[in-house]
Each structure stands twice: as C-alpha cells, then as structure tokens.
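Trainee: Provided below for reference: sequence and predicted model.
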Amino acid sequence: MIDSKLVKETVKALGADLCGVAPVERFGGAPEGFHPTDIWSSCKSVIVFAKKLPSQSLFADNCIPYTFVNTMLTQEVDWLIIEISLKLEAMGIANVPIPSDDPYLHWEADRSYGRAILSMKHAGYLAGLGVLGKNTLLINGDYGNMIQIGAVLVAAELEPDPIATYEACMADCILCLDSCPAQALDGVTVNQQLCRPLSNYKTEKGYILKKCYECRKVCPNALGIVGERRRSTQT
Ligand code: SF4
Ligand code: SF4
C-alpha cells in the first residue's frame, strides 16, 4: 500500500495548509454523473487539500479585497492541483487533477444553475477537512470557511482520514440565513439564481466582483470553530 502519510506530507510541502484522503466508497451520495468514478473509472481515493485565505479580507469595508483574495487563491489552488498531480505522477501514483471551481459542463440556464464535476466542499467533508454549515460552506476547525479547496483523484487505495466530528452550527443559529439579502439560503442549499447576481456581480467595466459574501462573514465560525463544539480532529 502507498504511504498515505508521505503523500499528505508531500501535498503540504508543495503549499497546502490542510490535506485529507477520502476513499471513493464515501462518495455514495454524489449525484449521478458527479461521482469521482464518473470522472475517472480507475479512481480509488480522493486526495483533498485546502489553502487558507487571508482572513481579514472578509471584514474590509469594500468588496475588492475579498474579491481579489478569492480570485487569486482560486488560481493558486488550481496551479497547486497541477503541481500535486505532476509530483504524484513522478512518485508513480496515477492520478487525475480536478479544477477547484470551473470549467464545468452542467448548466441549467433557466435557473442559472451550474454544477462542478466534483463538489469540492463535499469532497472536503468526506476527507475530514471540515463540516458543512447552514450557509452551505465547508467549515474547518482551525480556519473556518476562509479556505479554498482542491482535489486530485488517485488510482491507489490510500489510508482514509476520519470524517470530522465537530459541529459547526448551533441548532438555533440562522445568522447566515437571516443576513442573506437575496433570501437564497434555506439551511441546506443555496439558490444560485438568487445568489449569483450579488456573488458574481458584473461592473459596467466588466469586472466580476464578489459583491456579497454576508453568509460567510456573519458566521461566528468564519475564522475557525469556536466554543465547546470544537474538537481537535481536523487534519
Ligand atoms: S453570497 Fe450573499 S446572496 Fe449569496 S447566499 Fe450568501 S449572503 Fe446570500
Ligand atoms: S451563521 Fe450560524 S447557522 Fe450559519 S453556518 Fe454559521 S454557525 Fe451555521
């Protein structure tokens, strides 16, 4: 068996802040067509990693710093995915890199609904990197929701990481739902059609800005899980 610890150390040495492994069997709940084996039938494990975003960009009084951070970290994680893929290949581990966000094929124009080929936040959950909040974001114990996630499919059976057992959301917390100016959140999903005009706002000049990220910002666990719900199981 390939040494999972060595693989994760390698991923972190290349620049990831978090890394975990999810066996492909954990993806049983993925929608048809969006399972790792729908992308690559040889997939046995999914290596999921994340990079931390500069946290205070979230609290700037102008949306440009957060837009900048989001844009640059998406690019950086995409480059990291390529670097990890090449390194694993050099180690003799067959793999397929997955884009952290786009491009993707699935698009329903009537409701502005897009779906990536693999859900990074669900992959992150299945690899033990965090838990999903009612704002639909992955929340890591140390870094909260200020992370950008990437993944690589591998043909090898790697030692899985435990799924995180901490809880992010208090039962009575609905701060993210209440703060959404578009009423796009229901506690389980996000209505992309309502959210997209604000989260991907196009300026007259043609820039795409993250004009709204209230559901991320208002969360008490935005920068790490606080209080008694915190456990030390994050990778
Ligand atoms: S980004 Fe803004 S509009 Fe979109 S779900 Fe979050 S709070 Fe609502
Ligand atoms: S604001 Fe509250 S309900 Fe929403 S994700 Fe954060 S902890 Fe969960």
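Mentor: Thanks, I have it. Remember, it's a predicted structure, so these values are computed and weren't measured experimentally. Ligands and ions are numbered 1, 2, ... in the order given.
Trainee: quick check: domain ranges of the chain?
Mentor: Domain ranges of the chain: 4-160, 175-217, per automatic domain parsing.
Trainee: quick one: the longest helix seen in the chain to chain centroid distance?
Mentor: Using DSSP state H to define each element, the chain has its longest helix at helix 63-90. From the chain centre to the centre of helix 63-90 is a distance of 12 Å (C-alpha atoms, centre = their mean, to the nearest Å).
Trainee: spell out which parts of this protein neighbour ligand 2.
Mentor: 133-135, 168-169, 173-176, 218-221 (C-beta under 6 Å from any ligand atom). Where C-beta positions appear, they are placed from N, C-alpha and C, glycine not excepted.
Trainee: mind checking which of those residues are buried?
Mentor: Buried residues within these, defined by neighbour count using 16 or more other C-beta atoms under 10 Å: 133-135, 168-169, 173, 175-176, 218-221.
Trainee: circling back to that earlier point, please list the members of the residues of the chain next to ligand 2 that lie in helices.
Mentor: Those of those lying in helices (DSSP H): 175-176.
Trainee: against residue 33, how distant is the closest residue to residue 175 other than its chain neighbours?
Mentor: Spatially, and ignoring its direct neighbours in sequence, residue 175 is nearest to residue 218 (4.9 Å; C-beta to C-beta, 6 or more residues apart in numbering). Noted for residue 218: a distance of 34 Å to residue 33, by C-beta to C-beta, to the nearest Å.
Trainee: again, but for residue 213
Mentor: Distance from residue 213 to residue 33, by C-beta to C-beta: 29 Å.
Trainee: just want to know which of these two has more residues nearby.
Mentor: Neighbours per residue (other C-beta atoms under 10 Å) separate residue 213 from residue 33, with residue 213 holding more: 20 against 11.
Trainee: so that one touches residue 58, yeah?
Mentor: Yes. Under the criterion of C-beta atoms under 8 Å, residue 213 makes contact with residue 58 at 7.0 Å.
Trainee: list the residues that are in contact with both of the two.
Mentor: Common contact partners of residue 213 and residue 58 (C-beta atoms under 8 Å, 6 or more residues apart in numbering): residue 66.
Trainee: so what pLDDT did residue 1 get?
Mentor: Residue 1 carries a pLDDT value of 74.
Trainee: oh sorry, the question was meant for residue 35
Mentor: 98.
Trainee: having no further points to raise, I will conclude here.
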